[in-house]
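Colleague: Fold the stuff below for me.
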Amino acid sequence: MKVKLHSCRVKGNVDVFQMHRSPFHCQFTDACQLLQVVKSNAGQPLSETCIAHLATYVTQSWENDASEAKVQDTKTFIHHLLDSTGLPTQDTSTDQVIESFCKRSSAFPVVSPSITLLIAMQYIDRLKMKYKAVHGTPGCSRRMILVAYVLATKFLHASLSSIVCSQASPYAAQPKDLPSPPVSPKYQQELTNPNQYHYFKKTSKDNDKTAQTELSDLCSHFNYRMWRMENEFVQFLDNDLQVRQPKVLLAWSDSL
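Modeller: Purely as a prediction, here's the structure:
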């Protein structure tokens, strides 16, 4: 079984008609390279040497206290991300995992935690190259890795979904009953309300209204912090989340 690509491609440069390009926009050729990298990786984990190198680099680059304990804490957090965010791959081919990933409306769980982490580290490295003298507050390494990992996941999901043909894709989906168009189309406002953030959905009604209110407040606060950190990170990268030479990233990780 092979991954099917969309046969619908627009000829010419249509981006000149866009006033603002999404940071998750990916060119067709770049998306194909990402697909090749994901398929060649086939769910293979990163080596301990590579993870230790990445943890040391991030900690020493951004933390004022780059002690061995802090490096170990960052390394443990990276392991937690890799172990807890991947799609189940047991008894499933790589092509099926990729198609399942592209069918989802959410970017989590991820199709390849290893590739996602390497992309996230490229974002962090580009940020450090731009702000060489900047150091963060204690614990910034974990927060930065988390935000970069989320952005890398969204970018990978948007890139692969734009070329992989799945049953849930807008090109292949053919609903029998089309919904009626709205009488008065409403303008989609920018996301400013933390309650609208997609990381947390509304839970089922609980008998304990007090506990439900406290959980809602906690989720809303976390949603807002994540939304703010993601937007700030993207702005610091000049709204550019493009992945440069993904094959080189994979080759570099294999060389460690």
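
Colleague: element containing Ser22, please.
Modeller: Assigned by DSSP states H and E, Ser22 belongs to no helix or strand.

Colleague: which non-adjacent residue is nearest it?
Modeller: Ala158 (7.8 Å; CB to CB, 6 or more residues apart in numbering). For every residue, glycine as well, the C-beta is placed using N, CA and C.

Colleague: next one: Asp125
Modeller: Closest to Asp125 by CB to CB, 6+ apart is Tyr57, at 7.9 Å.

Colleague: What is the neighbour count of that neighbour?
Modeller: 17 (other CB atoms under 10 Å).

Colleague: that's a helix at it, yeah?
Modeller: Yes: per DSSP: H, G, I helix; E, B strand; the rest coil, Tyr57 lies within a helix segment.

Colleague: For Ser106, see how far away it is.
Modeller: Tyr57 sits 29 Å away from Ser106, going by CB to CB, to the nearest Å.

Colleague: Name the SS class of Pro138, please.
Modeller: Pro138 is classified as coil under three-state DSSP.

Colleague: Identify the residues contacting it.
Modeller: Counting by CB atoms under 8 Å, 6 or more residues apart in numbering, Pro138 makes contact with 63-65.

Colleague: Which parts of this protein are helices?
Modeller: 28-41, 48-62, 68-84, 94-103, 113-130, 140-161, 209-236, 246-255 (DSSP state H).

Colleague: Go through these and pick out the most buried.
Modeller: With neighbours taken as mean count of other CB atoms under 10 Å, those reach their highest mean count in helix 140-161, at a mean of 22.

Colleague: then it to CSV, C-alphas only?
Modeller: In CSV, the C-alpha atoms belonging to helix 140-161 read as follows (Å, rounded to 0.1, in the frame of the first residue of the first chain):
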residue,chain,number,x,y,z
CYS,A,140,12.7,28.1,29.9
SER,A,141,14.3,25.1,28.1
ARG,A,142,11.3,22.9,28.8
ARG,A,143,8.8,25.6,27.8
MET,A,144,10.7,26.4,24.6
ILE,A,145,11.0,22.7,23.6
LEU,A,146,7.2,22.3,24.2
VAL,A,147,6.2,25.3,22.2
ALA,A,148,8.6,24.5,19.3
TYR,A,149,7.4,20.9,19.3
VAL,A,150,3.8,22.0,19.1
LEU,A,151,4.6,24.3,16.2
ALA,A,152,6.6,21.6,14.4
THR,A,153,3.7,19.2,14.8
LYS,A,154,1.2,21.7,13.3
PHE,A,155,3.6,22.4,10.4
LEU,A,156,4.2,18.8,9.7
HIS,A,157,0.4,18.1,9.8
ALA,A,158,-0.4,21.0,7.5
SER,A,159,2.4,20.0,5.1
LEU,A,160,1.6,16.3,4.8
SER,A,161,-2.2,17.0,4.7
